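Engineer: Next come a sequence and a model predicted from it.
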Amino acid sequence: MKPLEGIRILDLTAVISGPTGTAILADQGADVIKVESPGGDLSRRIGPAKGDMSATYITCNRGKRSIVLDLKRPEAREVIHDLVKWADVLVENFRPGAMDRLGLGYDAMVRVNPKLIYASITGFGPTGPYAEGRVYDAVVQAVSGMCASHRERGSDDPMLTATLICDKLTGLTAAQAITAALLGRARTGEGTHVQLSMLDAALAFQWCDGMFNHTFMDEAPAAFPRVGATTRPYRTRNGFVALMSPQQDEFEAMCRGFGDDSIPKDPRFATTPMRARNAPALRALIEPLAAQQDTDECVARMRAEGTPIGKVNEHDDVITDPQVVHSQSLAEVDHGELGRVRLARAAARFGSGPRPQPEPAPALGEHGHAVLRDLGYDETRIGSLAACGAVSLGDRPSS
């Protein structure tokens, strides 16, 4: 049995930050009903796609059911009320105030279901000078200091990470906060309003390393070089390797592996702080040593010496990496007319059983009819909702 089986989640989120969080909860057994607008989630159009099913959408919405509701129509909002009665959790990532304007804000929904956990994800929070602006991942990377933590080598120009890191870490944070709220409700019998901003999630993620020079406020010690400045991959004869050696024995093992055990005796590199402050000089010594190495031989030798090392995989290499294959980290999922799709399995394991298979993502409105039947609607009412445009049905009544 999956740990969240029996938990019902109403997912009104779109794009990346909310859907990644609710997908984790679906992986863990929750019944997640995704409410989409008639045009569908924007993520359906991000990345390679077959019809209205993009790779991004499939990954972020695996294991969910989909219903299409036009929330501008009062009849659709009545359906939301009934879904809220059914749900344990409602998750939304509308701009601040939008749900209140629809009559679906926290105060209204908790009157419908007093035990409801209502999770709101925003870009910058519900109030403040930036609250009303449209927000995407790059904006939060900029404001949170993440851009400043990633600078192109030899340049002072800040860089954006080439992945939607703030969206995804917000989804991870949301999934953890929702499960914590469910535990709290189990203890107290009361729901709560979980409020989470992408900016706050990014700052919490950043602080232990990217912002560590801003931790001490009174008699602050000398600033420490950014961790990223010393951890760039090394070019080998036929590829790249990445190493980290914060402990002395690891550093000594790395130098032996590269073929120069005199480097640790240099006073400039005697301690971790000294190595960080003299990183350019250290790299100048190691780069020519690394350039002589065969990648696979270097990795094998370093591991034998006790050095933390990884071969830099190109994207195609990730799929066949021996550890990825051994751990069954990826799964092939039969996605009906789309054919097979490859997805990463849920990262967390529970117990000693086999890792669960990811479930397909829903086509737009695929489960609309079934969801309404689950709510007790008869065919007459379902037909009326479809006729007025409140719901778009992607499925058909079962015979």
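Structural biologist: Yep, it's here.
Engineer: Can you tell me how far residue 128 is from residue 135?
Structural biologist: 12 Å (C-beta to C-beta, to the nearest Å). In short, each C-beta sits where N, CA and C put it, glycine included.
Engineer: The two: which is more packed in?
Structural biologist: Using other C-beta atoms under 10 Å as the criterion, residue 128 and residue 135 rank with residue 135 on top: 22 against 12.
Engineer: Tell me, what's the model's pLDDT at that one?
Structural biologist: At residue 135, the pLDDT value in this model is 95.
Engineer: for it, what are its contacts?
Structural biologist: Contact partners of residue 135, counting by C-beta atoms under 8 Å, 6 or more residues apart in numbering, are 122, 123, 124, 198.
Engineer: Surely the first one and residue 198 touch.
Structural biologist: Yep, that's residue 122 we're talking about. Yes. Counting by C-beta atoms under 8 Å, residue 122 touches residue 198, with 7.3 Å between them.
Engineer: and of the contacts of residue 135, the nearest to residue 273?
Structural biologist: Residue 273 lies nearest to residue 198 out of the contacts of residue 135, by C-beta to C-beta, at 32.9 Å.
Engineer: What separation do you get for that closest one and residue 187?
Structural biologist: Distance from residue 198 to residue 187, counting by C-beta to C-beta: 29 Å.
Engineer: who has more neighbours, these two?
Structural biologist: residue 198 (30 against 7).
Engineer: ok, that one - contacts?
Structural biologist: Taking C-beta under 8 Å, 6+ apart as the criterion, residue 198 is in contact with 17, 121, 122, 123, 124, 135, 137, 140, 166, 167, 170.
Engineer: Show me which of those is closest to residue 279.
Structural biologist: residue 166 (26.9 Å).
Engineer: Nearest residue to that closest one in space, please, no chain neighbours.
Structural biologist: residue 140 (4.1 Å; C-beta to C-beta, 6 or more residues apart in numbering).
Engineer: Same check on residue 243?
Structural biologist: Leaving out its chain neighbours, the residue that sits closest to residue 243 by C-beta to C-beta, 6+ apart is residue 309, at 4.9 Å.
Engineer: wait, that neighbour sits on residue 245?
Structural biologist: No. With contact defined as C-beta under 8 Å, residue 309 does not reach residue 245; the gap is 9.1 Å.
Engineer: what do the two both touch?
Structural biologist: Contact criterion C-beta under 8 Å, 6+ apart; residues shared by residue 309 and residue 245: residue 254.
Engineer: Could you confirm residue 66 falls within a strand?
Structural biologist: Yes. Judged by DSSP: H, G, I helix; E, B strand; the rest coil, residue 66 forms part of a strand.
Engineer: Quick one: residues contacting it.
Structural biologist: With contact set as C-beta under 8 Å, 6+ apart, residue 66 has these partners: 33, 34, 36, 362, 363, 364, 365, 366, 367, 368, 394.
Engineer: The residue lying closest to it once chain neighbours are set aside: what's it in contact with?
Structural biologist: Once flanking residues are discounted, residue 66 sits nearest to residue 362: 3.6 Å by C-beta to C-beta, 6+ apart. For residue 362, the contact set (C-beta under 8 Å, 6+ apart) comprises 34, 61, 64, 65, 66.
Engineer: Widest-spaced pair of these?
Structural biologist: Going by C-beta to C-beta, the pair spanning the contacts of residue 362 furthest: 61 and 65, at 9.8 Å.
Engineer: Pick out whichever of those two has more residues nearby.
Structural biologist: With neighbours defined as other C-beta under 10 Å, residue 61 and residue 65 compare such that residue 61 has more, 28 against 21.
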